[in-house]
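**Q** structure for the following, please:
(one chain, ligands or ions: 1)
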Amino acid sequence: MFAQRLRFSIVLSFVVAGAILASATDSRAVDVGFATVDVTPKLEQGQPIWLAGLEKNRAATGVHDPLFARAVVLRDRGKKVALVSADSIGLPYPLVQSVRGKLKDFAYVLVAATHSHATPDVIGIWGPSDDKSGVVPAYVEQLEAGLVAAVRQADAASAPSAAEYGTAEDETLLGDFRLPEVYDGVLRILRFQRVGKKQPAGVVVQWNAHGIEPSNNPLVTRDFMGSMVDALEKRHGCPVIYFQGAIGGLMGTPKKLVEEAKAGRLPTEIFAFIDAVGAATADLADRALAAAQPIELSPMTVQTKQVLLPLDNPGFVQALAIGVLNRPAYEWTGDKYQRGDQVAPHAATGRMALETEVAYLQLGELAIAAIPGEIYPECVYGKYQDPIDPGADFLDAAPEPSIAETLPSSKMMVIGLANDEVGYIVPKRQWDVKPPHAYERESAQYGERNSVGPDTAGLILNALAERVADAQAKATDGK
Ligand SMILES: [Zn+2]
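**A** Residues are numbered from 1 along each chain as shown. Model prediction:
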């Protein structure tokens, strides 16, 4: 009798343990859905489509490969978060706000861009001439509708899925086109698996490189980012979304791959070369997938705040003044969270500011930094110049808080060009406009002239650290 009871209680405790195990496994499953919507511009409609990112006055003459808006929606306990990526040079904050206005049932919508330099100008500075915007309003409408549709379709497709997170590192797939040579060579990936199914539901990948950006190319293309996504979708039979990480300072195609092509080991025809780089990067993604481990993505917390950036770039001021850059400008108040009065840029006399957004997403164990531009890889792991090069402009500049030290989890993603494209986010210790120049160079390097100003990195990275602190304070309050 006693033995029987003992056996019964052992069996019962196994059943209870099994139930706990099962519920632990289930709790990993948030509802996840993916969707892809075509946002290729319609050419031959009387109005040229101006390609963004390189020189002005590049009218598209055709489409090499279609552009897409891709979304993943995560639902947990009635809360919905969307991460969207568009094949675009970069989406200005007002456009992102307009998209969110149509998705008010979402707790947060992150809208980012793959930064292909052969996509329509949606910012304005790549028009036919210095004083003419390259933005075609009909295309902006089409893109916005595509972004909203992608989120709606992903939401409708969502179903319980378990997540895995993995990384793989290979700096040799990156070229650094600005001194000092600093890389973030880590590719970060999420794979979702429907409960009870073998086929992945979708993959989210974050890598850190500009496209190949062939010069004299008049064709619309997603560049290697598209080739990589296509390769991964084919290999895994599921939707794949690409996000750009730290691509500033200045991450692009490694010379090694160009040399391989010259030596006949990779194709030299430009789109075949783009596909080869896409395939090599997809191989790195497969290494990250092979290393992926289960990750808990619940509960989901988002801390987001509007941040003002003082506008110290005369080129941007001029573009705003003539309306080529068309977004609100404010008086700079000296406080990154205090918006001044809106000003007419052509009549402004004082320092102006642009409004953008910095966000921190805590999805269970995963920490995501949403950075509104092209951040330098130096800022990811705090690999700042020390000591500062004597040729740099700010010899007493403090190092900005790095993303890795700020985020509370090493399971992280860095999403650049998130919710805005403010240009390069340059570590202040590296800012170098005035002679003498750093690294004993005769001239300044490329970067600063596409940056809002030398304080941008500090304001953005401190705003990120403050969002993380807010999330932690809220978590403590809740206990
Ligand atoms: Zn860029």
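
**Q** all contacts plus neighbour counts: C-alpha atoms, from now on.
**A** Will do.

**Q** quick one: P399 and W431 touch, right?
**A** No. Using CA atoms under 8 Å, P399 makes no contact with W431, being 11.9 Å away.

**Q** so the two - more neighbours on which side?
**A** Shown here are P399 and W431; by other CA atoms under 10 Å, W431 has more neighbours (23 against 20).

**Q** I'd like the distance between the more buried one and S298.
**A** Distance, W431 to S298, using CA to CA, to the nearest Å: 40 Å.

**Q** for Y337, same thing?
**A** Distance, Y337 to S298, using CA to CA: 29 Å.

**Q** quick one: which of the two has more around it?
**A** Taking neighbours as other CA under 10 Å, Y337 and S298 compare with S298 leading, 19 against 15.

**Q** neighbours of the closest residue in space to P299 that isn't next to it in sequence, how many?
**A** Spatially, and ignoring its direct neighbours in sequence, P299 is nearest to G364 (5.0 Å; CA to CA, 6 or more residues apart in numbering). G364 has 15 neighbouring residues, counting by other CA under 10 Å.

**Q** roughly how far apart are G364 and A280?
**A** Using CA to CA, G364 is found at 31 Å from A280.

**Q** hang on, the earlier thing: tell me the contacts of the residue nearest to P299?
**A** By CA atoms under 8 Å, 6 or more residues apart in numbering, the contact list for G364 reads 295-300.

**Q** and the two most separated of those residues?
**A** Spatial extent of those (CA to CA) is set by the pair I295 and M300 at 12.9 Å.

**Q** any chance you could map the helices in this protein?
**A** For the chain, helices defined by DSSP state H occupy the ranges 2-27, 93-101, 137-156, 223-236, 255-262, 270-290, 314-321, 378-381, 403-406, 456-477.

**Q** could you pull up the mean pLDDT of the third one?
**A** Translated: helix 137-156. In this model, helix 137-156 has an average pLDDT of 98.

**Q** the helices of the chain: which one's closest to N450?
**A** Across the helices of the chain, closest to N450 is helix 314-321 (CA to CA), at 8.1 Å.

**Q** return the set of buried residues in the closest one.
**A** Using 16 or more other CA atoms under 10 Å as the test for burial, helix 314-321 gives 316-317, 319-321.

**Q** could you pull up the mean pLDDT of it?
**A** For helix 314-321, mean pLDDT rounds to 96.

**Q** contacts for that helix, please.
**A** 125, 131, 311, 325-327, 344-347, 449, 452.

**Q** who wins for most neighbours among these?
**A** Tallying neighbours with other CA under 10 Å puts I125 at the head of the contacts of helix 314-321, with 27 neighbours.

**Q** okay, and for the protein, where does confidence drop off?
**A** Low-confidence segments of the chain (pLDDT under 70): 1-28, 478-479.

**Q** give the PyMOL command for selecting the buried subset of the contacts of G364.
**A** Buried subset of those, written as a PyMOL selection, criterion 16+ other CA under 10 Å:
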select buried, resi 295+296+297+298+299+300
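
**Q** and the gap between A168 and C379?
**A** According to CA to CA, A168 and C379 sit 19 Å apart.

**Q** I89: what's it in contact with?
**A** I89 is in contact with 52-53, 113-122, counting by CA under 8 Å, 6+ apart.

**Q** excluding chain neighbours, give the residue nearest to it in space.
**A** Residue nearest to I89 in three dimensions, not counting chain neighbours: H115, with 4.0 Å by CA to CA, 6+ apart.

**Q** quick check: that neighbour vs E144, distance?
**A** Going from H115 to E144 by CA to CA gives 16 Å.

**Q** so for those two, which sits in the more crowded spot?
**A** Taking neighbours as other CA under 10 Å, H115 and E144 compare with H115 leading, 29 against 22.

**Q** looks like the more buried one contacts G90 (just checking).
**A** Yes. Counting by CA under 8 Å, H115 touches G90, with 5.7 Å between them.

**Q** got any residues that touch both of these two?
**A** Jointly contacting H115 and G90 under the rule CA under 8 Å, 6+ apart are L417.

**Q** and for A112, the neighbour number?
**A** A112, neighbours per other CA under 10 Å, totals 33.

**Q** G264 now?
**A** 10.

**Q** so how far is E144 from it?
**A** With CA to CA as the criterion, G264 and E144 are 42 Å apart.

**Q** do D170 as well
**A** According to CA to CA, D170 stands 35 Å off from E144.

**Q** and for D176?
**A** Distance, D176 to E144, using CA to CA: 33 Å.

**Q** for Q342, same thing?
**A** 25 Å.

**Q** now swap in S129 and tell me
**A** Plainly put, S129 is 25 Å away from E144 if you go by CA to CA.

**Q** over to A471?
**A** Distance, A471 to E144, using CA to CA: 30 Å.

**Q** now P387
**A** For P387 relative to E144 (CA to CA), the value is 45 Å.

**Q** what do you get for E233?
**A** Counting by CA to CA, the separation of E233 from E144 is 24 Å.

**Q** ok, now W207?
**A** Note on W207: its distance to E144, by CA to CA, is 24 Å.

**Q** about what we covered before: let's have the contacts of G364 in CSV, adding distance to L103.
**A** Formatted as CSV, the contacts of G364 follow (distance: CA to CA, whole Å):
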residue, distance to L103
I295, 27
E296, 26
L297, 22
S298, 22
P299, 21
M300, 18
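
**Q** ok, so of the contacts of G364, who is nearest K411?
**A** Checking these against K411 by CA to CA gives I295 as the nearest, at 8.8 Å.

**Q** can you name the residues bridging to the closest one?
**A** Beta-bridge partners of I295, counted by DSSP bridges, are A163.

**Q** going forward can the numbers begin at 55, since that is how I track them
**A** Yes, from this point I'll number from 55; that puts the last item at I349.

**Q** quick one: it and Y219 touch, right?
**A** Yes. Using CA under 8 Å, I349 makes contact with Y219 at a distance of 6.0 Å.

**Q** hang on, E314 packs against L320?
**A** Yes. Between E314 and L320 a contact is recorded at 5.6 Å, counting by CA under 8 Å.

**Q** which parts of stretch 85-95 are buried?
**A** For stretch 85-95, by 16+ other CA under 10 Å, it's 85-95.

**Q** ok, which pair from those residues is furthest apart?
**A** D85 and P95 (32.1 Å).

**Q** related to what we said a few turns ago, which of the buried residues of stretch 85-95 fall within strands?
**A** Cross-referencing the buried residues of stretch 85-95 against strands under DSSP state E gives 85-92.

**Q** between the residues you listed, which is nearest V205?
**A** Distance to V205, by CA to CA, is smallest for A89 among these, at 7.1 Å.

**Q** in contact with the residue nearest to the closest one when sequence neighbours are not counted, which residues are there?
**A** Nearest residue to A89, sequence neighbours excluded (CA to CA, 6+ apart): A208, at 4.6 Å. The contact partners of A208, taken as CA under 8 Å, 6+ apart, are 86-89, 125-127.
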